[in-house]
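Student: Pasting a predicted model and its sequence here:
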Amino acid sequence: MQGTPRVGRLRHAPRLGSRRPSAYPSTVTRYRIDRPPDLDAPILVAAFDSWIDAGDASSNAAAQLAAGGTTVVEFDGDALFDYRARRPTLRIVDGQLAELTWPELLLRHRRVAGRDLLVLAGAEPDFRWREFAADVVDLVRELDVALWISLGAIPAAVPHTRSVNVLGSTSRPGLLLGDVQPGPSGTLRVPSAAISVLESSVAAAGVPACGYYAQVPHYISGPYPAATVALLDAVGRHLDADLRDDALVEEARQLRERLDAATTLEETTRTYVERLEAMVDEERMPSGDDLISEIEQFLRDRGGEGRERT
């Protein structure tokens, strides 16, 4: 089967206790796979364009990781996306409809520092999350994935003047590298993201799984490259490789300078940032209530879930 394209099939079976037959046909195309030969214990990194992608940090990190890679799996967008929420982009040239670019979800492969790396990235699915998770578990098993790494970014009451803090999730002790700790402590209930559904499903299947979630200052609008760099550093520790991009590091430096200048000019903002600095310097982890408050505000600012792409 190695190196041979294959089309996966959805198996639609009624759930336990269901009194209604499935409304879907018995089999529909779900993904196309072209397995690369000789994969050796690959690490799979996953990140989606979703609400848990504050500052575009995780999706930009995934794009950096997948650059130049070969497509291994292509999922069927018609089965996963609501095109009224994620509209395809239309390019018009001199009044002529020239090109449609559709949202996509791809698994790509490349080798980094002698290791096989798989990157699952793209738009977060709108539909069939449980079926999608089952598909991904099947692929993880077929491709002999040795470690699953989720990437995300969350809005938080942190200042841009301090290094990016990264929270972790893990299916077992010892998977998180560096000074990243599982957190926050206590019980936290938040709107789930597809990336979390996948991480839970993969872990339940017995595959080691962990996640890195960069905290992005909630007052930042637009991309936050410093968080992208922090996520790349986290993945790099697993690959024993420096994944930083010089252009990205420079972009982060320039944004820091612009934010510093804006803060200096506005007293209210400066006072607020100083208060956040004091909290960080006292090594105060955000409480569950603080974190959910920031997330709720973030979702309100983005119009529900920030999914409209027009």
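Tutor: Done, it's in.
Student: which other residues reach stretch 270-279?
Tutor: Contacts to stretch 270-279, defined as C-beta atoms under 8 Å, 6 or more residues apart in numbering, come from residues 157, 158, 159, 160, 161, 162, 217, 219, 263, 264. In this view, the C-beta of every residue, glycine as well, is placed from N, C-alpha and C.
Student: Buried residues, it. List them.
Tutor: Applying a neighbour-count criterion of 16 or more other C-beta atoms under 10 Å, the buried positions in stretch 270-279 are 273, 276, 279.
Student: tell me the average confidence for that stretch?
Tutor: Mean per-residue pLDDT for stretch 270-279: 85.
Student: Alpha carbons only: can I get that stretch in CSV?
Tutor: Extracted in CSV, the C-alpha atoms of stretch 270-279 (Å, rounded to 0.1, in the frame of the first residue of the first chain):
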residue,chain,number,x,y,z
ARG,A,270,0.6,52.2,30.1
THR,A,271,-1.0,51.8,33.6
TYR,A,272,-2.8,48.6,32.5
VAL,A,273,0.3,47.1,31.0
GLU,A,274,2.3,47.8,34.1
ARG,A,275,-0.4,46.0,36.2
LEU,A,276,-0.1,43.0,33.9
GLU,A,277,3.7,43.1,34.3
ALA,A,278,3.4,43.1,38.0
MET,A,279,1.2,40.0,37.9
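Student: What's the end-to-end length of stretch 49-66?
Tutor: 15 Å (C-alpha to C-alpha, to the nearest Å).
Student: Now do that stretch: distance to the chain's middle.
Tutor: Put simply, stretch 49-66 sits 5 Å off its chain's centre (C-alpha atoms, centre = their mean, to the nearest Å).
Student: model confidence over it, on average?
Tutor: Averaging pLDDT along stretch 49-66 gives 96.
Student: What subset of the contacts of stretch 270-279 is buried?
Tutor: Buried members of the contacts of stretch 270-279, counted by 16+ other C-beta under 10 Å: 157, 158, 159, 160, 162, 217, 219, 263.
Student: possible to save those residues as a markdown table with pLDDT?
Tutor: What follows is the buried ones among the contacts of stretch 270-279, written out as a markdown table (pLDDT from 0 to 100):
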| residue | pLDDT |
| --- | --- |
| 157 | 88 |
| 158 | 91 |
| 159 | 93 |
| 160 | 94 |
| 162 | 92 |
| 217 | 94 |
| 219 | 89 |
| 263 | 87 |
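Student: Let's see which of these end up in helices.
Tutor: With DSSP state H as the criterion, helices contain residue 263 from among those.
Student: Counting only strands, which of the buried ones among the contacts of stretch 270-279 make the cut?
Tutor: Within these, residues falling in strands by DSSP state E are residue 217.
Student: Redo the buried ones among the contacts of stretch 270-279 as a markdown table? Include distance to residue 172.
Tutor: What follows is the buried ones among the contacts of stretch 270-279, written out as a markdown table (distance: C-beta to C-beta, whole Å):
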| residue | distance to residue 172 |
| --- | --- |
| 157 | 30 |
| 158 | 28 |
| 159 | 33 |
| 160 | 34 |
| 162 | 30 |
| 217 | 31 |
| 219 | 36 |
| 263 | 41 |
